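# Generate coordinates for the sequence data below:
(one chain, ligands or ions: 1)
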Amino acid sequence: MKTILFTILTFLVASSASFAQKSFHKNKVIAHRGAWKAQALPQNSLASLKEAVRLGCEGSEFDVWMTSDGVLVVNHDADFEGMEIETSTYKDLLTIKHENGEKLSTVEEYLKAGKKQKGTKLIFEIKPSKISVARSIEVAEKSVLAVKKMKAQKWVDYITFSYEGGLKAIEMDPEANVAYLTGDKTPAELKEAGFFGFDYNINLLKKNPQWIKEAKALGLTVNAWTVNSAEDLIWLLDQEPDFITTDEPELLFNIIKDRQ
Ligand code: MG
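As a prediction, the model looks like this:
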């Protein structure tokens with residue numbers, strides 16, 4: 001009897017935990033390529049997304065490329081374990097696995113997994129094509145179509161180094177949040193072009209801290225990559241950014257907690 005009661009109780013606690021989070025976290029912590037480092041998980045794997053969700057990150061970032069036969073897949077580098085993504089078919093890429101045994105995720109599979117919860121946003125990086133700007137624009141177009149098809153708009157914010165790709169994403173979904181990564185545009189230029197914010201290299205922001213104030217005055221969001229040292233995390237927290245992209249989400253959570 002005791003065992004049955006315990007089982008029922010465990011089930012109820014687990015159920016309430018999974019349904020308890022009804023709105024996205026607001027804590028600035030964006031896990032870069034998922035939360036992979038502390039647990040030695042493959043970057044951009046579903047396991048690293050789940051870990052970011054488990055930690056309660058505000059967002060989990062991931063990178064998207066297009067295969068030679070037009071399938072959007074999730075991986076950081078231009079190659080997946082040595083196989084070039086843009087010049088390989090999706091079928092060929094399935095012959096290789098992540099170190100934890102996972103296959104390469106398609107964007108649809110990744111979004112489906114991300115939509116199972118509602119605490120952590122999915123920070124969708126549209127990777128610029130190494131082949132052409134036209135292909136970068138195509139990747140952006142297909143990305144927004146995939147997010148719409150999966151009804152994942154509420155979960156997704158976009159980031160990209162491709163200015164043209166970013167403009168395409170904004171054109172495809174004017175309601176979408178699209179931030180620019182390259183660092184070669186002023187906040188005023190981004191605002192004018194319809195971007196939601198910037199997500200610039202931390203060293204660039206340290207050299208141009210006025211951009212943070214300018215962006216805020218224009219109503220743009222401020223994010224930086226990839227902020228990993230305690231010193232940089234504290235410097236950026238002092239600037240009151242909207243988000244911080246880090247390989248060290250656990251460290252950032254601890255620093256935030258210590259400052260409260
Ligand atoms: Mg990225």
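
# So which bits of this structure are right by the ion?
The chain comes close to the ion at residues Asp63, Glu125, as judged by CB under 5 Å from the ion. The C-beta positions use only the backbone N, C-alpha and C, and glycine is treated the same way.

# ok, 8 Å please
Neighbours of the ion within the chain, by CB under 8 Å from the ion: His32, Arg33, Glu61, Phe62, Asp63, His76, Glu125, Lys127, Ile159, Leu181, Trp225.

# could you list every residue that touches the fifth one?
Counting by CB atoms under 8 Å, 6 or more residues apart in numbering, Asp63 makes contact with Arg33, Asn44, Val74, Asn75, His76, Glu125, Lys127.

# Count the residues that sit near the fifth one.
To tie it back to what came earlier, the one meant is His76. His76: 19 surrounding residues under other CB atoms under 10 Å.

# do you know how far it is from Ala31?
Distance from His76 to Ala31, counting by CB to CB, to the nearest Å: 13 Å.

# contacting residues for Lys148?
By CB under 8 Å, 6+ apart, the neighbours of Lys148 are Asp173.

# Would you map the helices across the stretch 151-260 of the chain?
163-172, 187-193, 202-207, 210-217, 230-238, 249-259 (DSSP state H, counting those that start in this stretch).

# of these, which approaches Lys116 most closely?
helix 249-259 (19.4 Å; CB to CB).

# which strands and helices sit next to that closest one?
The elements that helix 249-259 packs onto, with contact taken as 3 or more CB pairs under 8 Å, 6 or more residues apart in numbering; DSSP states H and E, are strand 29-31, helix 46-55, helix 230-238.

# Deepest in the core, which of these is it.
strand 29-31 (a mean of 28; mean count of other CB atoms under 10 Å).

# Would you list the strands that that one pairs with, along with their directions?
Paired strands of strand 29-31, with direction, are strand 59-66 (parallel), strand 244-246 (parallel) (DSSP bridges).

# Contacts for it next, please.
Under the contact criterion CB under 8 Å, 6+ apart, strand 29-31 has outside partners 48, 51-52, 55-61, 123, 223, 243-246, 249, 252-253, 256.

# returning to that earlier point: emit the ChimeraX select command for whichever of the residues of the chain next to the ion are buried.
Of those, the buried ones can be selected in ChimeraX as follows, counting by 16 or more other CB atoms under 10 Å:
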select :32,33,61,62,63,76,125,127,159,181,225
